[in-house]
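K.L.:
Fold the following.
(one chain, ligands or ions: 1)
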Amino acid sequence: MAQMMVRDVVCVGDVVVDATLGNGHDALFLAGLVGDDGRVLGFDVQEAAVESSGKRLLGGGVDEDRFEFRCVGHERMREFVDGGVKAVMFNLGYLPSADKSVITQVGTTLEALEVASSLLEKGGVMTVMCYPGHEGGDVEAEAVVEWAKKLERKEWRVVRYGFLNAPNDPPFLVGFEKLS
Ligand SMILES: C[S@@+](CC[C@H](N)C(=O)[O-])C[C@H]1O[C@@H](n2cnc3c(N)ncnc32)[C@H](O)[C@@H]1O
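P.N.:
Residues are numbered from 1 along each chain as shown. Next up, the predicted model:
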């Protein structure tokens, strides 16, 4: 569903952000949308994630000058992104294949949402996958929802997608469309 929202608005030549690189699956998806003239900027606090994402894109035939990945927290993305961003994807929580103690944190996640929302251009989208099922994830997911509820209705369309018949606090998506 996150990919559908992003695919709907992103065009060849756009600048997009993967705010939680992990193993680079979202980054590779984004690179496929923006094409040779676009750019994918990516952030993760784990060097291994930055490396593995870079390898995934190169292995997928993406030229190295089409992406720029940094081992830096997403809350600092303004230092590296000027604005004019068409999509930002967040996939919160931890990387299942890596150190599960390295996890997104409510404070920095909210900071990053503020920054990312200001960098998005009109018509751009932001997707945030929330995982309330792990320790601390419930507080973070709730904070994302509360932050989203406060956005001005004339400026943002915000949706929440989730499973109705899955057990144990299943993940859900909060999707943001910048209207003005
Ligand atoms: C669920 S994984 C992301 C999966 C990834 N999107 C993919 O397609 O493989 C969450 C990632 O967020 C990273 N992370 C944790 N805190 C972060 C922060 N402050 N800024 C950026 N990334 C962070 C973790 O290191 C982890 O790799």
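
K.L.:
Do you know the pLDDT at residue 96?
P.N.:
Looking at residue 96, its pLDDT is 82.

K.L.:
residues near it, how many?
P.N.:
Burial of residue 96 is recorded as 8 neighbouring residues (other C-beta atoms under 10 Å). Any C-beta I mention is one placed from the backbone N, CA and C, and that applies to glycine too.

K.L.:
Contact partners for the closest residue to residue 129 other than its chain neighbours?
P.N.:
For residue 129, ignoring the flanking residues on the chain, the nearest one in space by C-beta to C-beta, 6 or more residues apart in numbering is residue 91 at 4.6 Å. Contact partners of residue 91, counting by C-beta atoms under 8 Å, 6 or more residues apart in numbering, are 20, 22, 26, 129.

K.L.:
and residue 91, backbone torsions?
P.N.:
Per-residue torsions, residue 91: phi -130, psi 100 (degrees, to the nearest 10).

K.L.:
Repeat that for residue 176.
P.N.:
Dihedral pair for residue 176: phi -120, psi 130, per degrees, to the nearest 10.

K.L.:
quick one, what contacts it?
P.N.:
117, 120, 125, 126, 127, 128, 148, 151, 156, 157, 158.

K.L.:
Kindly supply the PyMOL command isolating those of those residues that are buried.
P.N.:
Command for PyMOL that selects the buried part of those, burial taken from 16 or more other C-beta atoms under 10 Å:
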select buried, resi 117+120+125+126+127+128+148+156+158
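
K.L.:
So which of the contacts of residue 91 reach the ligand?
P.N.:
20, 22, 26 (C-beta under 6 Å from any ligand atom).

K.L.:
quick one, strands of the protein?
P.N.:
Remark: strands assigned in the chain by DSSP state E are 15-18, 39-43, 67-70, 85-91, 120-130, 156-162, 172-178.

K.L.:
Would you mind giving the ones you listed as a markdown table with mean pLDDT and distance to residue 79 added?
P.N.:
Listed next are these as a markdown table, based on pLDDT from 0 to 100; distance: least, C-beta to C-beta, whole Å:
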| stretch | mean pLDDT | distance to residue 79 |
| --- | --- | --- |
| strand 15-18 | 98 | 13 |
| strand 39-43 | 98 | 10 |
| strand 67-70 | 98 | 9 |
| strand 85-91 | 98 | 14 |
| strand 120-130 | 98 | 17 |
| strand 156-162 | 98 | 24 |
| strand 172-178 | 98 | 21 |
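
K.L.:
before we move on, the earlier item: buried ones from the ones next to the ligand among the contacts of residue 91, can you make that a PyMOL selection?
P.N.:
For the buried members of those, the matching PyMOL selection, counting by 16+ other C-beta under 10 Å, is:
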select buried, resi 20+22+26
